[in-house]
Structure formats: C-alpha cells, structure tokens
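In: generate a structure from the sequence data that follows.
(one chain, ligands or ions: 1)
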Amino acid sequence: MEKLGPNSANSSPLTPLIFLERAATVSGDSPSIVYNKTVYTWAQTHRRCLRLASALSGHLHISSGDVVSVISQNTPAMYEMHFGVPMSGAVLNTINVRLDARTISALLLHSSARVLFADELFLPLARSAVSVLPNPPLLLPVDEPSTNSSTYNHLTYEFLLSLGDPDFQWVRPATEWAAVVLNYTSGTTSSPKGVVHSHRSVFLAAVNSLTAWPLPLHPVYLWTLPMFHANGWCYPWAVAAAAGTNICLRSFDGPAIFDAIAENRVTHLCAAPVVLAMLADTDRVLPNQVQILTAGSPPPAAVLRRVEALGFVVTHAYGLTETGSFAVSCAWKGDEWNGLPEAERAVLKSRQGVRTAVMEAADVVDETGESVARDGETRGVVVLRGGYLMMGYLADGEATAEAVKGGWFYTGDVAVVHPDGYMEIKDRAKDVIISGGENISSVEVESVIHGHPAVGEVAVVARPDERWGETPCAFVKVKAGVKGAAPTEAELIGWCRERMPHYIVPKTVVFLPELPKTSTGKIQKYILKNIAREMGPAAAGVAPVSPTSRI
Ligand SMILES: Nc1ncnc2c1ncn2[C@@H]1O[C@H](COP(=O)(O)OP(=O)(O)OP(=O)(O)O)[C@@H](O)[C@H]1O
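Out: Down below sits the predicted model:
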C-alpha cells in the first residue's frame, strides 16, 4: 500500500471555485441572487463571473497573486467578485465600507492592490483613499447593470463584464496553498491585520460552513452579515455549493429584515448579536421558521431568549477572521436540552461550545500550554488547530509567529471549559478587568446588565480606580421605546448588586445614545476604554466590596 498515494486524478488543488459551475449545471434556471427588482439565475451568475475573470486577465492584465480590492455593501457585484476575481488567479481583498479614507489608503498600500472596485456610493471615499498613493490601484466604479451597452462611456464594472468571455477557461490554482483572499481583521482591539487564506483553507471553511450549521439544498439565504467581513464567514461559496438563493440588501434594520423574510421566504441568515438585539426589539410576527447563525461577539442569554421567543432558531458559533468560517459552535443536544426551561436553554446556548467536525482541535490552555481543568472556572486562552486556519498575516512575520506556535493558533480569547467539554468565552485577553488583583470578566457583567428590561446594549470596560487599580465601568444604551422613566446609574448598580458578587459590580454607569461599533456590530471597547480613562480614576470613597469578601 505504501506505493499508493497522491496521483493525477486525486490530488487536484482544493478550491471553493468549483461550486459555481455545478450550481449552474444543476440549478441553472433557479434564482442565484435577488436584489431589489434584479434577479439572476445560477446560469447567469456563472457566466458573469467568467466574464469578470476573463476581463480582469485579458483586459486589465491581472495575473496570479495580484490583489484586487473591492469596497461595497452586499450587492450582486460583491457576490460575483467572490468567484470572478479568484477565477482570474487574483486574490480578493474586500474592504470595510465604514473605514475612513486614511485607513483605506493604508490597507491599499499594505496589500499593493492593483485594482480597486468601488460601489458608486463609495466612489468619493475610494477616490480620496487612492489620491494620496504613489502607485494607486486602477479605480473602477461598480455600476448597476444596464440593458443598453452604449451607456457605458467609461470603464466601469458592467462595461468590463461586457468585454469578458463567458466561456473563459478560468485560472485554476497551481497549488491549493495559493492565496485566494486577503481579509483585514475588524480592528476591534488594535490596527487591522491582513489575514491571508489559501484556496485549501477556504474550501475547508466553506465545507465547514455547510455542515456545522447544516444548509439544506436550495436555502433562501438573507445577507445581513457584510460580505466584506471575513467574506461573510465563507457563505458566498457555501450558498453556491447548496445552489441556494442569495437575498442581497444594502442596508437594513429590524423591520426591513422581517419584510425581506416575508417577501422571499427566507430560510437562513447569519447575524452578529447586535442584529439579534435589533430583531428582539421589533414587535413583528415571523411568517415562517428561520434559522439564524450568530457569531462575532458574545450573544447575551437575554437576547437569545427574546429572539427565540419570536420563533427564530438560533445556533451560536465562534470564529475569527483567521479561521474564515467558525471554529467552535454550541452544538445543541436536542433530547437532553429541549425540555429545559427557556432561561436555562438560553444560558446553555450563550456558551461558545465545542470544535466543529471540520476543525481538528480546540482547547483552552494555561500559560504553560496545559489544558485547563474542565471545571467551568479555571481560565485560559482558546487555541485552535485545523486545515482552515489562515496561512498568516501579510508582511507581518512577527505577528504570525506570535499567533502560531507549538502547533496551535492562539486566539487571544479567554475562556473556561465546563465539565461537559463546552467552552465559554469570558473575555478577550485585552479586555479583562483586573480589580484588586482579581480578574473580572466584562462579558459576565454585561450579561447580567443585559437582563435589565430597559437595557438595549451594554459594554463593560476597565476604569482606573484609586484603590483597586481598575473597576468595571458600564456604558449603556437604553432600549428604544422603554415605557416610564429611563433607569438611573444607581438603579443599574442596585440591579447588579442583587445578582453578582459585589466586587464585580460596576462602580460607574455611563448612558450613551449609541455605543461605538465596528461595521460588523462589535462594540469598539478601546474607544470606551479611552473615555473611561479620560474620566480619571474612580474615587476611593465608594469602593466596591473587596474580592476577599465576596457575597
Ligand atoms: N461567539 C462569540 N463569542 C464571543 N466572542 C466572539 C464570538 N465570535 C467571535 N468573537 C470575538 O471576535 C473575535 C474575532 O473577530 P475578528 O476576526 O472580526 O477581528 P477582531 O478580533 O474583532 O479585530 P482585531 O483582531 O483587529 O482586534 C474573536 O477573537 C472573539 O473575541
């Protein structure tokens, strides 16, 4: 048997691009994308992607390894680029539309992008970003399709497509380790890092996205998660593999999501917890059952409970830009857990869970690298190992070496493992509050405050403290439409004192009309930390009870 192994038939490079042609063959006449009044079929999407790949290589002379960037919301063109750009051999780099021109310039410079596609809404931003670059990428506006090709009087996305060959022989990767996407992290804790994934890792991540939150054949998938964020957790490719329908929206709020569900009979959607909070705040009736996958930040149990009460079925998962798809999920033990009271089910579901079937290993380790005790209390760092982890950070060997060591990828997230083997994230290492020498989990404090009926959003960060070094400071957005007087600082502190050890009770509560967020709805705690720091040290007079006298 030792003579057997890879051969010319069994070792073609893994790539997610092969899903498209199959969808066009199997479901050529079925809708691939619905966007306002525009509907494409899989046969049309296939041809448009081949045209894009052909025009990029034939007309713009893009070759393997070149970076092609795009700044756009969830439009058909954005979806097509997930296939068409790498089918030319290029590396797709999606850029967050909420970044400012200076940051976009820095990313374009860092990635050496050759082309920048900019949706017409973001053209002024893109122009200003490229204007300061010594070797700017070619800037191409992404316009809406037109039936009259004479309207294309300058090089635009649609004009470029009209030049391309729909029978183009797309550029297959020479190796599955060839780069396919470059994604910058959210910049929640520091400057964004350029994460590079290979065809192999995205193929595996897409298979993971298909199986760990099972997508049946022909799902109707609503895009609320931006594709520019970690390629929408690899769902552009996964939905093609399932020959589903992509419902594209540029922007939305709670009622708009309900409208889109009703109009299109949506079956699946991915959403950050902040979107769940939006849904929980509406008083609409769900017309049909919808599966939601939530990840990106810890979903408070109170929000999970409210959303499930509306009829949504929520799966909770955990991942990073570095994993493409999610790596860990709260695999639901139906028979065992379905009969539990609603509140208990929500608490179980707010745990991040166990590795998915495609991720090889996930653990929580202490500073010596040993697994922490499975006691639900001992904290350590989440580490991951598996085929869909990134290749590394672009041009940042130091950060890559810091993150990947000893056979593990170090996530920087702090967690415990419960006796049943399910992990629960307590914080990001950078967000842990150290008060009087004790570590306080900001996530734990947030989940209690979230239970208050008037609280819409909350984030807890460290505020310098004269006596304890740091104490928790809560930033709260009051829920829209709350009846009666808004809660006061004293009321929320009292709420916490009844429900948590006194030393972790926030000493300060600040009410804000909005909490600062990244484009994916993550609260930017570093901004709040700066505000808390500028507030100066909390006075020693009203010190919380010391950790040694917990209640
Ligand atoms: N289900 C979840 N529960 C708790 N935290 C989560 C969950 N899913 C993701 N996260 C958080 O999101 C992080 C990954 O986010 P992402 O890759 O978008 O970049 P970022 O870490 O927010 O940005 P940066 O690394 O630039 O600060 C994880 O490390 C974790 O802290």
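In: strand partners of the one helix or strand in the chain whose mean pLDDT sits lowest, parallel vs antiparallel please.
Out: Lowest on mean pLDDT, DSSP states H and E among the helices and strands of the chain sits strand 438-440, with a mean of 85. The strands that strand 438-440 pairs with in its sheet are strand 433-435 (antiparallel) (by DSSP bridges).
In: give the buried residues for the strand it pairs with.
Out: 433, 435 (16 or more other C-beta atoms under 10 Å). Any C-beta I mention is one placed from the backbone N, CA and C, and that applies to glycine too.
In: please compute how far it lies from its chain's middle.
Out: When C-alpha coordinates are averaged (C-alpha atoms, centre = their mean, to the nearest Å), strand 433-435 and its chain have centres 28 Å apart.
In: equivalent analysis for stretch 442-455, please.
Out: 22 Å.
In: could you pull out the buried residues of that stretch?
Out: By neighbour count on 16+ other C-beta under 10 Å, the buried set for stretch 442-455 is 442-452, 454-455.
In: show me the shaky parts of the stretch 101-250 of the chain.
Out: Applying pLDDT under 70 to the stretch 101-250 of the chain flags the ranges 146-153, 187-190.
In: please list the residues of this structure that sit near the ligand.
Out: Contact residues (C-beta under 6 Å from any ligand atom) of the chain with the ligand: 185-190, 192-193, 295-298, 316, 318-321, 352, 411, 413, 425, 428, 522.
In: so where do the helices sit in the stretch 401-550 of the chain?
Out: Taking DSSP state H, counting those that start in this stretch, the helices of the stretch 401-550 of the chain run over residues 442-450, 489-497, 525-534.
In: neighbouring contacts of the second one?
Out: By C-beta atoms under 8 Å, 6 or more residues apart in numbering, the list of residues contacting helix 489-497 from outside reads 445, 448-449, 451-452, 455, 474, 476, 487, 505-509, 511.
In: hmm, 6 Å instead?
Out: 448, 452, 505, 509 (C-beta atoms under 6 Å, 6 or more residues apart in numbering).
In: any idea of the mean pLDDT in it?
Out: Helix 489-497 carries an average pLDDT of 95.
In: now find how far off-centre that helix is within its chain.
Out: On C-alpha atoms, centre = their mean, the centre of helix 489-497 falls 32 Å from that of its chain.
In: in that helix, what counts as buried?
Out: For helix 489-497, the neighbour count (16+ other C-beta under 10 Å) marks 492-493, 495-496 as buried.
In: hmm, back to that, could you redo the helices of the stretch 401-550 of the chain as TSV and give each row distance to G407?
Out: Shown next, in TSV, are the helices of the stretch 401-550 of the chain (distance: least, C-beta to C-beta, whole Å):
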stretch	distance to G407
helix 442-450	28
helix 489-497	41
helix 525-534	30
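In: quick one: neighbours of L92, just the number.
Out: Neighbourhood size, L92 [other C-beta atoms under 10 Å]: 25.
In: I'd assumed F83 was in contact with it.
Out: No: the pair L92 / F83 is not scored as a contact, 9.2 Å apart, by C-beta atoms under 6 Å.
In: quick one: the residue in the stretch 451-551 of the chain that the ligand sits nearest to from A295, how far?
Out: Nearest residue of the stretch 451-551 of the chain to the ligand, counting by C-beta to the nearest ligand atom: K522, 5.4 Å away. As judged by C-beta to C-beta, to the nearest Å, K522 and A295 stand 11 Å apart.
In: between those two, which one's more packed in?
Out: Comparing K522 with A295 by other C-beta under 10 Å, the one with more neighbours is A295, at 27 against 20.
In: leaving out the residues flanking it, which one is nearest to the more buried one?
Out: Distances taken as C-beta to C-beta, 6 or more residues apart in numbering put A317 closest to A295, at 4.4 Å, once the chain neighbours are dropped.
In: which other residues reach the helix or strand hosting the one you found?
Out: When elements are assigned from DSSP states H and E, A317 belongs to strand 313-319. Residues from elsewhere that reach strand 313-319 (C-beta under 6 Å, 6+ apart): 213, 291-295, 299, 304, 307-308, 326-330, 349, 352.
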